[in-house]
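Chemist: model this:
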Amino acid sequence: MNKMIVANLAYRPLRSLISIVAVAIEVTLILLIVGLATGMLNDNKTRNKGTGADVIVRPPGSSAIIGLTGAPVSIKIADKLRLQPHVVAVSPVVLQLVSGGSVEVIYGIDLPSFEAVGGPFRYVEGGPFRGPDDMLVDDYFASGRNVHAGAELEILNHKFRVSGVVEHGRGGRRFIPIATMQDLMGAQGKASMFYVKLDNPDNADAVAQQIRDLPGMSNYSVMSMREWLSLMTPEHVPGLSAFIRVVVGIAVVIGFIVIFQSMYTAIMERTREIGILKSLGASKLYIVRAILRETLVLAVAGIILGILISYGARPILGYKFPTLPVQITFGWVVRATIIAIIGAMLGAVFPAFKAAQKDPIDALAYE
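Modeler: So this is what the prediction gives:
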């Protein structure tokens, strides 16, 4: 049977190649898009962890995704937080979501307090803010946009001079003075959130509770950095799980349709061959197994090609778009493999049973 399957696939090389490529596209679509979504989520987690904060304080009704809240609360809350036991430093931050080629959260920071929470920036080029129209960018952003200290960039309809390039991993990829951000947003004296540094990270949960117990703070979103990081999973991010399911669904449909069309057409062309097999005593089960094993060979070849394409495309995407990391995990490789096999086999089930139902006399008389 194995020799017959290989001979059938080799006899129609173009159709076999199209089926393999279709399954490869299915696998690549799953791995790269899910890898991109996972990579961006984990990158966001890593960068927020890199701020050095132990507790995050956000306004009531804040989105789970940092950067979607605006600047709705008074910056004076920072003074109240600094008075709490175990609190070493507090940094108010104003966040603004922008889209100019890519979606990005710009950080408006008070540089001294921001560095008090997470330590001094490490400068690759240039140095700190020297004026209200200065900007810091991280090395990933600078590499992807070919930006150097002294360059001019425009955001929020305002031109900034890049005063320095810093190492990545400190919350945002671009930073401007907090007062400038407040002026551009029309949110003078306001903040989006507060990073809180403690004398001991083990006190984070206790400090978070005592902040909630403060007058007027009961409705605020106050959580330890550890708790926030644990919530940053596809299941907890609004819409991300649905997005992944849609991507997987589209990928399965692609694989199903192409395999179905390929195997159905192949069976129509091999009607006489099937008749000969049945006249020689081949059972219906034998015919079904032969078709499904042929499909499995196509699926496995497509899966291997798709995995190779995905891993090959990852460094290319990383070079072209340094700020968009793609993380391909072993778990998703296994899932993509299972999904592709199931989709391919489902696409072959009807053609296989149709082949098995052919009457050998009619099949032998087929021209």
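
Chemist: hey, where'd the helices end up in the stretch 201-350 of the chain?
Modeler: Here the stretch 201-350 of the chain has its helices, by DSSP state H, counting those that start in this stretch, at 204-212, 225-231, 240-269, 271-279, 284-320, 330-356.

Chemist: From the contact counts, what lies against the longest one?
Modeler: It stands for helix 284-320. In terms of contacts (3 or more C-beta pairs under 8 Å, 6 or more residues apart in numbering; DSSP states H and E), helix 284-320 is packed against helix 2-11, helix 13-49, helix 240-269, helix 271-279, helix 330-356. Using the backbone N, CA and C atoms, a C-beta is placed for each residue, glycine as well.

Chemist: what comes up buried for it?
Modeler: Buried residues in helix 284-320, counted by 16 or more other C-beta atoms under 10 Å: 287-295, 297-303, 305-307, 309-310, 313-314, 317-318.

Chemist: Ok, stretch 42-51 next?
Modeler: 42-45, 47-49, 51.

Chemist: Quickly name whichever of these is closest to F353.
Modeler: Distances from F353 to the buried residues of stretch 42-51, taken as C-beta to C-beta, are shortest for N42 (44.3 Å).

Chemist: Check the contact between that closest one and T329; I expect there is one.
Modeler: No - taking contacts as C-beta atoms under 8 Å, N42 lies outside contact range of T329: 9.9 Å.

Chemist: Counting by contacts, list what the one helix or strand V162 maps to packs against.
Modeler: Per DSSP states H and E, V162 falls inside strand 158-166. The elements that strand 158-166 packs onto, with contact taken as 3+ C-beta pairs under 8 Å, 6+ apart, are strand 123-126, strand 134-138, helix 139-145, strand 152-155.

Chemist: Can you show me the CA trace of the longest one as PDB?
Modeler: It stands for helix 139-145. Output in PDB follows, covering the C-alpha atoms of helix 139-145 (Å, rounded to 0.1, in the frame of the first residue of the first chain):
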ATOM      1  CA  ASP A 139      17.400  50.800  21.100                       C
ATOM      2  CA  TYR A 140      14.800  48.500  19.400                       C
ATOM      3  CA  PHE A 141      12.800  51.500  18.100                       C
ATOM      4  CA  ALA A 142      16.000  53.200  17.100                       C
ATOM      5  CA  SER A 143      17.200  50.200  15.200                       C
ATOM      6  CA  GLY A 144      13.900  49.600  13.400                       C
ATOM      7  CA  ARG A 145      13.500  53.200  12.400                       C
END
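
Chemist: where's that helix relative to the chain centroid, distance-wise?
Modeler: On the basis of C-alpha atoms, centre = their mean, to the nearest Å, helix 139-145 sits 19 Å off its chain's mean C-alpha point.

Chemist: what helices or strands is that helix leaning on?
Modeler: If contacts are counted by 3+ C-beta pairs under 8 Å, 6+ apart, helix 139-145 sits against strand 123-126, strand 158-166.

Chemist: That's all I had, so thanks and see you.
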